[in-house]
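In: No letters, just coordinates:
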Ligand SMILES: [Ca+2]
Ligand SMILES: [Ca+2]
Ligand SMILES: [Ca+2]
Ligand SMILES: [Ca+2]
């Protein structure tokens, strides 16, 4: 029996180039498949079978042209035997090739760029949230693949808070973060949640890109469009996801917004702001800085040293969500970036950055918001 | 806001013909979509959104040509708000139309022919089982859609027992049954399981038709083939699912086999045998009858009055799994049929026949096997 | 640091005679404490601390005069590190001394005659059951230690079924059995439960002897009285537990009764009947035999070869519950005995007879009752 | 059937003076029982049975002489039907009498001064914690009632952190807090826990007063001794609990200590420090203030306005734990007080201050410690 590799499931992505079988080891050459109608690729997710008791080398050979070649050095692939516990695999990167080594006792191992968050889990999350007291669920509309864009609303306060995630579908940590956020916000006894629900109304889109998610895309929707370059002028034809969400924002207004992402290269959690927008105010910027700096105090899993350079004055890219929302609504808007690698200030060799840490970070983000919600 | 209906997810199936909206009520006309490359249809699964506080009528209008028109009278659709608890909806059937009435407090309701069992849940089941002590998981090969056919093996005894389910993918109760069976067989303390694992080796295929399952088919695979008519001469081109499983059976031999199904019309649980096979023996038939009659004693959810007529002598259809396996291996083979409706001897207005009952039935089936395993 | 032994908790029972400490090993000489106002003793339950990484020998030296000296040969003590998983310890019996050997990696090990069932767990069980649909909880009265005698009633049928357990408080498997029985009976979808609740009314006393339970007694209540010798003439002074339950039985009548026990010596599960009662009828006896023989078919954890000899005609001891209830009400009454050792027909070296098996047996007992409930 | 009241269980405390029964209502006059060998009383815990469908008034009539008469105005008793969910009862206080009104649908209601934390749950907590990776459990010795004093140690860092709770046994929120703290500290992925375990060694005593706990005391041990007045000169005869813990502190040293309590009167969470100790340093005091003020920022369930007055210079009572530990070790020591009432800044009518909030507060306390652990 030789090994078998398949990606025929939700968010699966891999192409098998070759499998060679020696007495000592098995080596498969693989390529990540591009997003449909797009050149982006970096997300992979597949199952390898027939591996029990064997040394298996999985070589992803098309890393050089991937979306973020800097994402590969220092990165470790995530693997699971039971699809619940995802650990870091022995992984190395050289000559544009990412090599993952397995030595499993069971026959099937799941391999992914990050712990997956399936559309089934998404629907379960929505189903659970929709029946929690005080939560209203609303379908904003359908995607090009006829999947729903789900919005959850809760809270009775005057501040309008928008949390949305996974514009880039391969950044699954963003939806794990959402699961943590909803877990806290729906807790009837939690002090942070009760304070926030009194003072704010939350609008939550746990998954902005269901089509890319199910298709195993890294960065785009079913039309190959990067949604985070559509916020100035979304359309139902190219980017219904953004069109529908921005429309709902126009209805509610926005005081505070967080767009949740993953970053391929930087081994840290960080926030990016809206520094270069035309209408920027001191108050807006001060609140962003206060939020960011407080979060850095509150959890060892957040920091302010590493991150993206801020845009120069007036040079913000208004096609991007955070800038558009900050400009359009005068909101305190920000992009949260979690690593595919790890937080190198507090690394965890077993798990790396993980679903559990993404969920806890969400709870800490909400607690920091509670500290300043009355002023946003 | 009007209602929205979508089936863009695992095992989704519906076509919207029209939606009309009056002050008092909403009515949608719907059609079930045929299996790809096939005329079979009866499985439906969709989400209706925007329904909170409204009276909604969902009319499936193409019931007359469905695979089993007798399945509709007396049938109640299953609905869920949280995707965990599935209850019977108010349902009526007249003029070839199945009408489902909703009056929900939440905005989204999931509607299905029976509580769905997604491929994600399938993979979770396999992942869980594969790490249980003494269980070996093996991928037999891939389907036309490149999905794995998963086989679980456990036990150390000489009798070869095959359990397989969901040749007909819309019969999801069959995989719920499998979840119950595996729960019992993997329990390290359960007396029935320990006895069975000593005396038999179990070969379990929880889902024989992943492609039909994910595609929302009633009865066929990705090529439109009814797998339960392929057992005489399966091929990798038309029916790799059967080809691979029969091949593995040829390797192990088969003493006892159960093929798990759902039946659209008959409101009862029953077994069908292999009466008309050419090589039938009295011993084989006696063991089948003993199994069937003991099961009828053991649970109020099984009976022997209702069911399919037995094939006349020599007239068995050897393209069907149960007959082929009984003939090919001299096995005690049988088809277990659970209702889409309910067990009318012990009806449950809230749930009808359900995942929980399917799981419990599996445990009872195993207990009856334990009573006679030394003799099969 | 030397080891420390304590029994200062619910159902604790041990007396430390001596602890000796050598370089290689630790040996403690222990005695089981008699039930208050009684000479019965066999139940023990204590915690040993300071044992990590050491070889520890625990010698119970007063086995000869214990209630059932035949209980010691072939018996293995139960131990737990986390108080959830109870396994069999290395145990030997010689020279009237039971020696238990530990080699733990954690510092504290709990040791007991059988997996304990605390009064806190009892109250949690009652609290859970009392809020299940259709269940009525009633306090029959208080014991000598002012603990409640709790009765649960459920079902709407005409047959009066009484299930009661733990007259002998050290027989904790009897209350584990009750937890299994209630789990099944309160399941809204289970076919057996639904049938039984239609046809019978259940009266359930999960713990007949709270005082002995909390005090760490083997066999008697706070007055040193063996409740199962009080059924002819119970009194509020000596045996309020029996007085109150028998009074409630007089109100409801009894068609079927099971008194759940543990047996110290016989390595099997068996039933004892009421053969020697004066008013015995053939029907009554036939139903008992049918019940017993069906149960033996249904689960490998029950048998009919080993057990107590039946009383000769007219010689039944009417002070005992089963005989009294059979005589008083013409009921099909029986005593279920589970082993402290194991079921030697299907032994489990890890766990022996266990809470999980007691619970499953309860479910099987109910299923057998469902087979014949219409005739009792 | 009239109602019945019992306290014959772990931490039970009530005396029934009278029960009167009218057509419309039932009224019981009750008294709280003093701690053994002591005049303290305020903790109550009992079960009322026979109440389904009736209006029941429970009057605790000896409130005037209780330990904290100021604790009664504005206080609401906690009640539970299933012993899991504890809610606030309709409660009023007038004429030195606390009146609790019930109108239940089930027959038994549990009533307590605060959600109880039984010794069984304590042992389960220790059993769970003891098998977590990196945790060492150690029995420090036995109490006067022969119950163990359990110490859990974890972490590899140089700072010695002591957390201990429930010197006053009726302050059960203190052990709920401990459950939350251990849940976080034993989480292998939590960033706060990983940072703390690197930088500190934790010494945790979840329950300093098992005897008082089991006996249903408010404030003292089995000898009637208030442990928090024994820290200058504990003895094995009067206060073994303190003697053993202080001895272990002397072995490890202490850099940071938190003594967890409940307060009867003040409707807020607050910290008390060690202001009046002779050897106080500015650094010590600054760290305490920083800890306290950071916690106030981090959670809406903590504040600094309400609390105890600080002792004047040199006037600290060194018999109290916090002062003794601050003085003896130069530690940053503090007493955490949670309310029996509620946090009036963010009240919750359903639950009041609760186990869930105590647990979350513990997690926040640890997060604040993580912010400054490198400097303590
Ligand atoms: Ca991104
Ligand atoms: Ca079928
Ligand atoms: Ca007994
Ligand atoms: Ca206190």
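Out: On my side now, so go ahead. Keep in mind that this is a model prediction, so the values were computed, not measured. Ligands and ions are numbered 1, 2, ... in the order given.
In: now the strands for the stretch 101-250 of chain A?
Out: In the stretch 101-250 of chain A, strands defined by DSSP state E, counting those that start in this stretch lie at A:108-112, A:136-142, A:148-154, A:159-165, A:200-205, listed in chain order.
In: which residue packs closest to the residue of the stretch 251-376 of chain A found nearest ligand 2, ignoring adjacent ones?
Out: Proximity of the stretch 251-376 of chain A to ligand 2 (CB to the ion) peaks at residue A:355, 38.1 Å away. All C-beta spots, glycine's among them, are computed from the backbone N, C-alpha and C. Leaving aside its sequence neighbours, residue A:355 sits nearest to residue A:176 (CB to CB, 6 or more residues apart in numbering or on different chains; 4.1 Å).
In: Please parse chain A into its domains.
Out: When chain A is parsed with automatic domain parsing, its domains come out as A:4-112, A:119-375.
In: Out of those, which one sits most buried?
Out: domain A:119-375 (a mean of 21; mean count of other CB atoms under 10 Å in any protein chain shown).
In: Can you tell me the SS state at the residue in the stretch 251-376 of chain A positioned nearest to chain B?
Out: Per CB to the nearest CB, residue A:251 is where the stretch 251-376 of chain A lies closest to chain B, at 12.0 Å. Here residue A:251 is helix, with the state taken from DSSP: H, G, I helix; E, B strand; the rest coil.
In: Can you read off the pLDDT for it?
Out: Listed pLDDT for residue A:251 reads 98.
In: what's the answer for residue A:23, then?
Out: We note a pLDDT of 80 for residue A:23 in this prediction.
In: do the same with residue A:325
Out: You'll see residue A:325 listed with a pLDDT of 98.
In: how near is the residue nearest to it when sequence neighbours are not counted to residue A:89?
Out: Setting aside the residues directly before and after it, residue A:325 is nearest to residue A:333 in space (CB to CB, 6+ apart), at 4.3 Å. Residue A:333 is 36 Å from residue A:89, where distance means CB to CB, to the nearest Å.
In: Residue A:44 too?
Out: Taken as CB to CB, the span from residue A:44 to residue A:89 is 12 Å.
In: Need the residues touching each of the two.
Out: Residues touching both residue A:44 and residue A:89 by CB atoms under 8 Å, 6 or more residues apart in numbering or on different chains: residue A:111.
In: Then residue A:46 would be within a strand, right?
Out: Yes - counting by three-state DSSP, residue A:46 is found in a strand.
In: these two touch, right, it and residue A:4?
Out: No - at 10.2 Å, residue A:46 and residue A:4 do not qualify as touching, with contact defined as CB atoms under 8 Å.
In: Which residues are in contact with the residue nearest to residue A:325?
Out: When contacts are counted by CB under 8 Å, 6+ apart, residue A:333 touches A:254, A:256-259, A:273-274, A:288, A:321-323, A:325-326.
In: Helix, strand, or coil at the closest residue to residue A:330 other than its chain neighbours?
Out: Nearest non-adjacent residue to residue A:330, counting by CB to CB, 6+ apart: residue A:284, 6.5 Å away. Under the three-state scheme (three-state DSSP), residue A:284 adopts helix.
In: for the one 5 residues further on, same thing?
Out: Three-state secondary structure (criterion: three-state DSSP) places residue A:289 in helix.
In: mind checking how far it is from residue A:64?
Out: 38 Å.
In: Residue A:215 too?
Out: 23 Å.
In: just to revisit the earlier point, the residue nearest to residue A:325 bridge partners, please.
Out: Counting by DSSP bridges, residue A:333 forms beta bridges with residue A:257.
In: For it, give me the pLDDT.
Out: Looking at residue A:333, its pLDDT reads 98.
In: low-confidence ranges in chain A?
Out: A:1 (pLDDT under 70).
In: ok, which stretches of it are helices?
Out: A:119-130, A:173-185, A:191-199, A:210-215, A:240-252, A:282-298, A:321-329, A:355-372 (DSSP state H).
In: Tabulate those helices (a markdown table), appending distance to residue B:171.
Out: A markdown table is the format used below for these (distance: least, CB to CB, whole Å):
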| stretch | distance to residue B:171 |
| --- | --- |
| helix A:119-130 | 19 |
| helix A:173-185 | 32 |
| helix A:191-199 | 43 |
| helix A:210-215 | 24 |
| helix A:240-252 | 35 |
| helix A:282-298 | 51 |
| helix A:321-329 | 44 |
| helix A:355-372 | 33 |
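In: what's the closest of these to residue B:302?
Out: Closest approach to residue B:302 among the helices of chain A (CB to CB): helix A:119-130, 31.4 Å.
In: which strands and helices sit next to that closest one?
Out: Helices and strands touching helix A:119-130, by 3 or more CB pairs under 8 Å, 6 or more residues apart in numbering or on different chains; DSSP states H and E, are strand A:136-142, strand A:148-154, helix A:173-185, helix A:210-215, strand B:108-112, helix B:119-130.
In: Quick one, which of the ones you listed gets closest to residue A:369.
Out: helix A:173-185 (10.1 Å).
In: Pick out the residue of the stretch 51-200 of chain A closest to ligand 2.
Out: residue A:120 (24.3 Å).
In: go on, chain A?
Out: Nearest residue of chain A to ligand 2: residue A:8, at 23.8 Å (CB to the ion).
In: For chain A, what lies in contact range of ligand 1?
Out: Counting by CB under 5 Å from the ion, the residues of chain A close to ligand 1 are A:168, A:261.
In: pretty sure residue A:49 is touching residue B:148, no?
Out: Yes - contact criterion CB under 8 Å: residue A:49 and residue B:148 qualify, at 6.6 Å.
In: what residues do those two have in common as contacts?
Out: A:4, A:6, B:139.
In: Pull up the gap between the last one and residue B:152, please.
Out: When you say that, I think you mean residue B:139. 11 Å.
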